[in-house]
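Colleague: Predicted model, plus sequence, below.
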Amino acid sequence: MWKEASPRTIYLKDYQPVPWVIRTVDLDFRLHEKGTRVISRLTLERNPAFTGQAAELRLDGEGLKPVWLRLDGSELHGDAYGIDDQGLVLFNPPEQFVLESEVELAPEKNTTLQGLYRSGSMFCTQCEAEGFRHITWYLDRPDVMARFKVRLEADRDKYPVLLSNGNPLERGELPDNRHYAEWEDPHPKPSYLFALVAGKLKYIEDSFETASGRPVRLRIYVEPENIDKCDHAMQSLIRSMRWDEEKYGREYDLDVFNIVAVNDFNMGAMENKGLNIFNSKYVLARPDTATDDDYLGIEAVIAHEYFHNWTGNRITCRDWFQLSLKEGFTVYRDQEFSSDMGARGIKRIDDVRMLRAHQFAEDDSPMAHPVRPASYMEINNFYTVTVYEKGAEVVRMQANLLGPELFRKATDIYFDRFDGQAVTTDDFVRCMEDASGRDLTQFRHWYDYAGTPELTVQGEYHPDEQVYRLQVRQSVPDTPGQKNKPPFHIPLVVGLLDSHGRDMPLDRSDGSARPELLEVMEKEQTFEFRNLPEAPVPSLLRGFSAPVKLNYPYSDAELVFLMAHDSDGFNRWDAGQELAQRVLLKLVEQAPEGADMLAEFTHAFHRALDAAHSDPALLSEVLSLPSESLLGERMEVVDVEGIHAAREQVKAHIGKRLHDDLLSHYRDLGEEGEYQVTPETIGRRRLKNLLLTYLTASGSREAVDLCVQQYQAGHNMTDVIHALTLVADGDHPARQELLDDFAARWHADPLVMDKWFSVQARSSRKDTLERVMALQEHPAFSITNPNKVRALIGSFAMGNPFCFHSADGKGYTFLVDKVLQLDGINPQIAARLLRSMARWRHYDKARRELARGQLERVAGQNGISRDVYEVASKSLQ
Ligand code: ARG
Ligand code: ZN
């Protein structure tokens, strides 16, 4: 907890190598319900890369109860070292030495879920970013890579499974009904990749043979009641291993690969070497308990953590400012994997939808920061959509600039050059440069400057010359601490459509070999296309070729034209979204032309719905309305009630006007046969459930009965939870009955109950906040479990803008009450929740005052954590 006036800021520019490095680590864990001991033996030596003067060595360590300390075999004298709340200082250690220590820990009291802690009846760890310092004295920074050997011992009956990183060595029995196991990881690694698990677990097993013939034993460990929910995760793992060999030439490098699912976890999952630990949400799935999105999420996160074995573990980050080196690249890799496994076009739309909704919002908030931040107070606050998702976009742009062959050449260079090292995003970009011979100096701005660039484009056709000129202007908004930014290097992929909607051949006056790719590098730049017999309609930013906002003065008619004809699927969808936004924003304004626009829009909707042979998945994307938050981002001052009302109005209008047509399509898409997770079946379910949403909005009796029927049919969780969501959002007489039925059926399954909490927290009913407060007393809720907090409080604050931002400010007060309560339990989760207030300046004066008051209440609190303090103080800046 933070005790001084304000926490220290850490700067990238202050990076220094360590004076000593650790070569080997031997750890011995004596796990007990009380009084757990950790004995450590480190071999240290002077770091050849360190050139400064240093007589003392500081090892990180927090909350450790020292038992003894030895240097080269002898007990350390009191004047040779000092211990404070940050760690251990050795005043004058030799060039090379062995440091041994024993500390006592209390994992049973650890509610922060960092370091060693208990989840249910097991012991587990989370060490990224700085959890290892809560386990033993160490140089807890990613550029110290050492070889680990681990021995763990525990009660034989309560903890039959004992796991750590690397390959298993021996195991054996001990007196007092205890046993032990030893593990050795041959690959040097930073401490944040250390892990152990001890528990009463079951596993499923499979095997994989690597391209060069190494057999790997694969296991997924879960609590016994979940053993029938692991198959999808295992299949996803096997596919990931194959894909990384085929696409990147990367093989697995140990004899075993273990995954453990735990219920108490701060994030999604963790790539510990050879022992991935997962939030159970990203492992467990059965058709009746998990939705299509859960299945897709599992596939993506399993792949993400597996891919980290090369992009993160073999090559890691020099310091935490470089976090996107591993996260941005690994997200890019998992996105591409999911695209190859499923529906590429849909995946891209979903990723961009998420980027625009969350990352653009973050970039336009007081929490905005570059992909490579220049400073932080608490690194856990920087596991953000900017570092992850914008970071992935920055890698994607480089991949697209280079093209597939050169990009593969560049990644080969990267793996070859830096294997076994801790490096920087700059090192990564240099591989791109070396492979392609290109200069990416200007491109690096993407890493160093925050804010979403804006492109303003204008087109001019000159019939006499048969030439079309696109004038492109770019600007990057000011963000905290960064003003007047230089122009970026922005890949803008374009097409030109003729009056029939066909792509015209592109012939650039500068003779460019890739005429569709405009490399925007100046503040203002003109690109010229020649030999065009007629005026084109431009299709801009195809495939979302850069994470920017685009302004082009399209007429509504041109958007309808692009929606119908653009050969780029992403832009077809995007044109529809732009049109929908225009209609919705007009309705929010209550502008007179709103009604006509709505009629037009409904017409276009109808045509799209009835178009023969359309792919249900894409259709469901096209027919989905932009979210309330996305609409809010388009307004100077967010009109909370107006946006909600406009969306409801449009849904109801479409539901009524197209009722029978929607109904017959809904019936055609009905579920038959066994549940399958394929792009086709997922697409059909998505569309069917979207149609049900519109039907329900019409208020027809029939529609509401359909929801109840779909719920009761219980074919799969996707359909069940969607039906329940629709019923729970209204005043249907069956509402309470269905909610009770669901809880009665699933009360013992925590992940399914998360859905039940979330459905109620997202409801737009007037009594939602009251319900959320009451649900905290429900036996299935627990304030110490992050999934529960996210499901109930997180869903309310981040997934229900209408209720959270209610004009009376009660949503804000509730949230801050929870943040302050959680701060004493789990500061990481508390800080995450508080981020839902960061955009408070975008609201009207009354709400601003209420929000500011609540943020000040947090910032003024004594003894607040560094995590929460950083979010509160930056939000107020
Ligand atoms: N490296 C993990 C992943 O992206 C995330 C772990 C972050 N945990 C944390 N407490 N900051 O897969
Ligand atoms: Zn990651």
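Modeller: Received, thanks. Ligands and ions are numbered 1, 2, ... in the order given.
Colleague: what sits against Phe123?
Modeller: Contacts for Phe123 (CB atoms under 8 Å, 6 or more residues apart in numbering) come out as 31, 107, 116-117, 154, 159, 196-199. In short, each C-beta sits where N, CA and C put it, glycine included.
Colleague: and these, which of them are in strands?
Modeller: Using DSSP state E to define strands, the subset of the contacts of Phe123 located there is 116-117, 154, 196-199.
Colleague: which parts of this structure sit against ligand 2?
Modeller: By CB under 5 Å from the ion, the residues of the chain that approach ligand 2 are 327, 330.
Colleague: one more time with 8 Å, if that's ok
Modeller: Residues of the chain lying near ligand 2 by CB under 8 Å from the ion: 269, 271, 304-305, 308, 312, 326-327, 330-331, 388.
Colleague: In helices, which of those appear?
Modeller: Residues of the residues of the chain next to ligand 2 located in helices (DSSP state H): 304-305, 326-327, 330-331.
Colleague: From the residues of the chain next to ligand 2, pick the one nearest Ser499.
Modeller: The closest of the residues of the chain next to ligand 2 to Ser499 turns out to be Val331 (CB to CB; 40.1 Å).
Colleague: what residues does the stretch 251-400 of the chain put near ligand 1?
Modeller: 266-267, 269-271, 304-305, 327, 380, 383 (CB under 6 Å from any ligand atom).
Colleague: what about 8 Å?
Modeller: 266-271, 301, 304-305, 308, 312, 326-327, 330, 379-380, 383, 388 (CB under 8 Å from any ligand atom).
Colleague: and what of the stretch 101-250 of the chain?
Modeller: Near ligand 1, when you scan the stretch 101-250 of the chain using CB under 8 Å from any ligand atom, you find 114, 126, 128-129, 131.
Colleague: go with 5 Å
Modeller: Within the stretch 101-250 of the chain, the positions adjacent to ligand 1 are Glu128 by CB under 5 Å from any ligand atom.
Colleague: where along the stretch 101-250 of the chain do the strands fall?
Modeller: Assigned by DSSP state E, counting those that start in this stretch, the stretch 101-250 of the chain shows strands spanning 115-119, 122-126, 146-155, 161-164, 167-174, 178-189, 196-199, 202-209, 215-222.
Colleague: per-residue confidence averaged over the lengthiest helix in the chain?
Modeller: If you go by DSSP H, the chain has its longest helix at helix 569-589. Mean pLDDT, helix 569-589: 97.
Colleague: buried set for it?
Modeller: For helix 569-589, burial by neighbour count (16 or more other CB atoms under 10 Å) applies to 569-580, 582-588.
Colleague: immediately after that helix, which helix or strand?
Modeller: helix 594-610 (DSSP states H and E).
Colleague: That following helix: how far from the chain's middle?
Modeller: 35 Å (CA atoms, centre = their mean, to the nearest Å).
Colleague: what packs against that helix?
Modeller: helix 556-565, helix 569-589, helix 616-622, helix 640-657, helix 659-668 (3 or more CB pairs under 8 Å, 6 or more residues apart in numbering; DSSP states H and E).
Colleague: average pLDDT across that helix?
Modeller: If you average the pLDDT over helix 594-610, you get 95.
Colleague: Compute the inter-axis angle for that helix and helix 556-565.
Modeller: 10 degrees (axes from the mean of the first three to the mean of the last three CA atoms, to 10 degrees).
Colleague: follow-up on the earlier one: which among the helices and strands packed on helix 594-610 is found nearest to Val476?
Modeller: In terms of CB to CB, the element of the helices and strands packed on helix 594-610 nearest to Val476 is helix 569-589, at 21.5 Å.
Colleague: hmm, back to that, next, give me the two most distant ones among the ones in strands among the contacts of Phe123.
Modeller: Across those, the longest distance by CB to CB is 14.7 Å; it joins Tyr117 and Ala154.
Colleague: check contacts around the residue of the stretch 151-300 of the chain at minimum distance from ligand 1.
Modeller: The stretch 151-300 of the chain approaches ligand 1 most closely through Met267 (4.4 Å), counting by CB to the nearest ligand atom. Neighbour list for Met267: 279, 383 [criterion: CB under 8 Å, 6+ apart].
Colleague: Would it be right to say that it lies in a helix?
Modeller: No. Counting by DSSP: H, G, I helix; E, B strand; the rest coil, Met267 is not part of a helix but coil.
Colleague: phi, psi of the residue nearest to Asn167 when sequence neighbours are not counted?
Modeller: Among residues not flanking Asn167 along the chain, Asp255 sits closest, at 4.8 Å (CB to CB, 6 or more residues apart in numbering). Per-residue torsions, Asp255: phi -80, psi -20 (degrees, to the nearest 10).
Colleague: Glu393 touches Leu355, doesn't it?
Modeller: Yes. Glu393 is within contact range of Leu355, at 6.9 Å (criterion: CB atoms under 8 Å).
Colleague: where does the stretch 1-150 of the chain have low pLDDT?
Modeller: Residue ranges of the stretch 1-150 of the chain with pLDDT under 70: 1-5.
Colleague: In it, which residue sits closest to ligand 2?
Modeller: Residue nearest to ligand 2 within the stretch 1-150 of the chain (CB to the ion): Glu128, separated by 8.8 Å.
Colleague: Count the residues that sit near that residue.
Modeller: 25 (other CB atoms under 10 Å).
Colleague: try Ser567
Modeller: Around Ser567 there are 13 residues (other CB under 10 Å).
Colleague: Distance-wise, check it relative to ligand 1.
Modeller: Distance of Ser567 to ligand 1, given as CB to the nearest ligand atom, to the nearest Å: 35 Å.
Colleague: wait, what's in contact with the residue lying closest to that residue once chain neighbours are set aside?
Modeller: The shortest distance from Ser567 to any non-neighbouring residue, by CB to CB, 6+ apart, is to Asp503 (5.4 Å). Contacts here follow CB under 8 Å, 6+ apart; on that basis Asp503 touches 495-497, 567.
Colleague: What is the nearest of those to Asp419?
Modeller: Using CB to CB, the contacts of Asp503 come closest to Asp419 at Gly495, 40.4 Å.
Colleague: ok, that closest one to Leu579 distance?
Modeller: Computed as CB to CB, to the nearest Å, the Gly495 to Leu579 distance reads 19 Å.
Colleague: Likewise for Glu327?
Modeller: 34 Å.
Colleague: returning to that earlier point: for ChimeraX, what selects the buried ones among the residues of the stretch 251-400 of the chain next to ligand 1?
Modeller: Selection of buried members from those for ChimeraX, criterion 16+ other CB under 10 Å:
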select :266,267,269,270,271,301,304,305,308,312,326,327,330,379,380,383,388
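Colleague: Just want to check the distance between Leu625 and Asp749.
Modeller: Distance of Leu625 to Asp749, given as CB to CB: 32 Å.
Colleague: Looking at the two, which is more packed in?
Modeller: For Leu625 and Asp749, the more surrounded residue by other CB under 10 Å is Leu625, and the numbers stand at 22 against 19.
Colleague: So the more buried one sits against Arg647, correct?
Modeller: Yes. Between Leu625 and Arg647 there is a contact at 5.9 Å, judged by CB under 8 Å.
Colleague: which residues are in contact with both of those two?
Modeller: By CB under 8 Å, 6+ apart, the residues touching both Leu625 and Arg647 are Leu584.
Colleague: residue of the stretch 551-700 of the chain with the smallest distance to ligand 2?
Modeller: Counting by CB to the ion, the stretch 551-700 of the chain gets nearest to ligand 2 through Val677 (23.2 Å).
Colleague: tell me the secondary structure for that residue?
Modeller: Going by three-state DSSP: Val677 is coil.
Colleague: Excluding chain neighbours, what is closest to it?
Modeller: Leaving aside its sequence neighbours, Val677 sits nearest to Tyr295 (CB to CB, 6+ apart; 4.7 Å).
Colleague: What ranges in the chain fall below the confidence cut-off?
Modeller: Using pLDDT under 70, the chain drops low at 1-5.
Colleague: before we move on, back to that, from the structure, what's the count of residues near the closest residue to the residue of the stretch 1-150 of the chain closest to ligand 2 other than its chain neighbours?
Modeller: Spatial nearest neighbour of Glu128, excluding adjacent residues (CB to CB, 6+ apart): Tyr192 at 4.1 Å. Other residues within reach of Tyr192, judged by other CB under 10 Å, total 23.
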